[in-house]
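Enquirer: have a look at this prediction, sequence included:
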Amino acid sequence: MFLINTNCAYKSALDQRDAETLGLAAAKDVERFLSYRKDNAETPLVALPNLAREIGVASIHLKDEGYRLGLGSFKALGGSYAVIRLALEEAERRLGRPVDVSELPTAEVAAVARTMTVACATDGNHGRSVAQGAQLVGARAAIFVHSGVSDERIAAIARFGADVIRVDGTYDDSVQEASRVAAERGWTIVSDTSWPGYERIPGLVMQGYTPIVREALRKLPEPPTHVFVQSGVGGVAAAVAGHLAVVLGEGRPIFTVVDPERAACIVESAKAGHPVRIQHGEPTVMAMLECYQPSLVAWRILARVADAFMTVDEEEAISVMTRLAWPVSGDPAIVAGESGGVGLAGLIKAVSEADVKAALGISPSSRVLVINTEGATDPARYEEIVGMSPAQVVARNLEKAQ
């Protein structure tokens with residue numbers, strides 16, 4: 001499915017609250033917070049010139065979030081940032097004075113954080129980020145996982161000392177259960193999706209993703225003309241599209257949101273012109289994107305600044321994983337999980353369909369930015385699909401460099 005964004009009656013510039021959340025000042029603040037993280041480092045921006053030549057565009061650059069903060073996913077940024085912000089705000093409230101991120105290790109702030117419990121629902125990556133953030137500040141974390149979350153991903157969450165609570169059903173079921181239990185016990189929900197009356201914290205999570213764009217723009221020779229970003233509830237797509245709209249204005253790139261065909265809640269919302277919840281069907285291999293209801297904050301942003309929406313199927317998602325691991329001769333190999341390469345899969349699909357390519361204005365002069373949103377967060381599954389372990393893929397790059 002492919003849609004140009006014409007059905008949304010309120011397509012326009014971002015409203016003031018979203019522009020502030022995703023604007024330059026907020027993004028700089030996030031980077032300042034990151035500067036206090038011992039494991040912080042910019043993730044690679046990888047050029048794929050030979051793939052670009054093959055599909056007929058001027059350049060493809062891939063921002064590889066598989067290296068982010070030791071968690072292997074872009075979500076390492078959002079959840080942990082929100083937890084740190086919330087801990088500092090609670091310290092300010094109790095201490096009766098401003099509290100800076102530089103004070104995070106102090107006894108006063110640590111004493112406040114120890115009284116807090118943060119909770120969320122997750123497919124895996126967001127839960128690890130929230131659990132890591134809680135460990136950093138000294139708070140407790142309760143992470144709710146649905147029946148489709150693999151044992152490997154559950155173990156990765158538990159390594160940060162979080163309590164993992166299993167929920168029968170889908171991701172959306174786990175969101176509802178986390179909210180119910182948190183309300184009963186006075187815990188703070190740190191969700192990457194939003195609903196009526198609950199927007200500020202998901203906004204902080206999305207704000208935490210803005211360094212992805214900041215880092216990419218600093219390293220790109222020229223701003224991109226086209227950006228393809230995958231979507232679950234819509235958070236990272238909205239964060240990237242929103243920040244690009246704020247900082248580049250009229251010069252912003254054509255932005256395409258890419259959904260899994262089996263969980264296309266953003267595409268269906270675009271089709272309807274308003275947020276819709278879709279029915280749960282057959283699970284998708286793109287597990288980190290398997291969401292059936294969009295985040296209201298993310299949808300509000302995408303309805304205004306996304307230019308197009310499309311879906312990719314299971315075969316296309318798996319194909320791009322393999323294509324990145326076994327790249328066009330001369331391009332570097334990249335470890336991308338089942339959901340990681342979906343934006344690139346969208347680009348490849350778009351250029352293969354003449355009407356879509358024309359609608360998006362893709363030409364030999366196009367400069368495309370995509371994001372590998374996750375590495376091999378389930379290494380056994382990755383090796384089964386690709387035919388090599390993540391370590392073997394990385395080793396092949398090292399061999400080329402020697």
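Expert: Received the coordinates, thanks.
Enquirer: any stretches of this structure with poor pLDDT?
Expert: 7-12, 399-402 (pLDDT under 70).
Enquirer: residue nearest the centroid of it?
Expert: The centroid of the chain falls nearest to residue 236 when counting by CA atoms, centre = their mean (3.9 Å).
Enquirer: spatially, which residue comes closest to it, not counting chain neighbours?
Expert: Once flanking residues are discounted, residue 236 sits nearest to residue 209: 5.4 Å by CB to CB, 6 or more residues apart in numbering. For the C-beta atoms, the positions are set from N, CA and C on the backbone; glycine is no exception.
Enquirer: cool, residue 199 as well?
Expert: With CB to CB, 6+ apart as the criterion, residue 199 has its nearest non-adjacent residue at 5.1 Å, and that residue is residue 297.
Enquirer: likewise for residue 296?
Expert: Leaving aside its chain neighbours, residue 296 sits nearest to residue 194 (4.8 Å; criterion: CB to CB, 6+ apart).
Enquirer: contacting residues around the one you found?
Expert: 202, 203, 295, 296, 297, 298 (CB atoms under 8 Å, 6 or more residues apart in numbering).
Enquirer: just list the residues touching the residue nearest to residue 236, thanks.
Expert: With contact set as CB under 8 Å, 6+ apart, residue 209 has these partners: 74, 77, 78, 235, 236, 239, 240.
Enquirer: neighbours around the nearest residue to residue 379 once chain neighbours are set aside, how many?
Expert: Spatial nearest neighbour of residue 379, chain neighbours left out: residue 390 (5.6 Å); criterion: CB to CB, 6+ apart. For residue 390, the tally of surrounding residues (other CB atoms under 10 Å) stands at 20.
Enquirer: these two touch, right, residue 390 and residue 378?
Expert: No. Using CB atoms under 8 Å, residue 390 is not in contact with residue 378; the gap is 10.2 Å.
Enquirer: picking that back up, turn the contacts of residue 209 into TSV, including distance to residue 147.
Expert: TSV is the format used below for those (distance: CB to CB, whole Å):
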residue	distance to residue 147
74	24
77	27
78	24
235	23
236	24
239	28
240	30
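Enquirer: packing partners of the longest helix seen in the chain?
Expert: Determined from DSSP state H, the single longest helix within the chain is helix 75-95. Applying 3 or more CB pairs under 8 Å, 6 or more residues apart in numbering; DSSP states H and E, we find helix 75-95 packed against helix 24-34, helix 107-113, strand 117-122, helix 125-137, helix 200-207.
Enquirer: highest neighbour count among the contacts of residue 209?
Expert: Highest neighbour count within the contacts of residue 209, by other CB under 10 Å: residue 74, with 32 neighbours.
Enquirer: wait, residue 288 touches residue 123, no?
Expert: Yes. Counting by CB under 8 Å, residue 123 is a contact partner of residue 288 at 5.1 Å.
Enquirer: intersection of neighbour lists for these two?
Expert: By CB under 8 Å, 6+ apart, the residues touching both residue 288 and residue 123 are residue 232.
Enquirer: strands of the protein, start to end?
Expert: Under the criterion DSSP state E, the chain carries strands at the ranges 2-4, 45-47, 59-64, 117-122, 140-146, 163-167, 188-189, 226-230, 254-260, 308-312, 367-372.
Enquirer: how about the CA coordinates for the last one, as CSV?
Expert: So the one you mean is strand 367-372. Below are the C-alpha coordinates for strand 367-372, written out as CSV (Å, rounded to 0.1, in the frame of the first residue of the first chain):
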residue,chain,number,x,y,z
ARG,A,367,20.0,12.0,-1.7
VAL,A,368,18.4,9.4,0.6
LEU,A,369,18.7,9.0,4.4
VAL,A,370,17.5,5.8,6.1
ILE,A,371,17.9,4.6,9.7
ASN,A,372,18.9,1.1,10.8
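Enquirer: quick one: distance of it to the chain centre.
Expert: Here strand 367-372 is found 14 Å from its chain centre; the criterion is CA atoms, centre = their mean, to the nearest Å.
Enquirer: also the second one?
Expert: Distance of strand 45-47 from the chain centroid (CA atoms, centre = their mean) equals 18 Å.
Enquirer: what number of residues lie near residue 32?
Expert: 12.
Enquirer: residue 213: which of the contacts of residue 194 is nearest?
Expert: Of all these, residue 298 has the smallest distance to residue 213: 15.1 Å, by CB to CB.
Enquirer: can you name the residues that contact the nearest residue to residue 27 once chain neighbours are set aside?
Expert: Closest residue to residue 27 apart from its sequence neighbours, by CB to CB, 6+ apart: residue 210 at 3.9 Å. By CB under 8 Å, 6+ apart, the contact set of residue 210 is 22, 26, 27, 30, 239, 243.
Enquirer: go on, residue 369?
Expert: Counting by CB under 8 Å, 6+ apart, residue 369 touches 61, 62, 63, 216, 220, 224, 226, 227, 228, 253.
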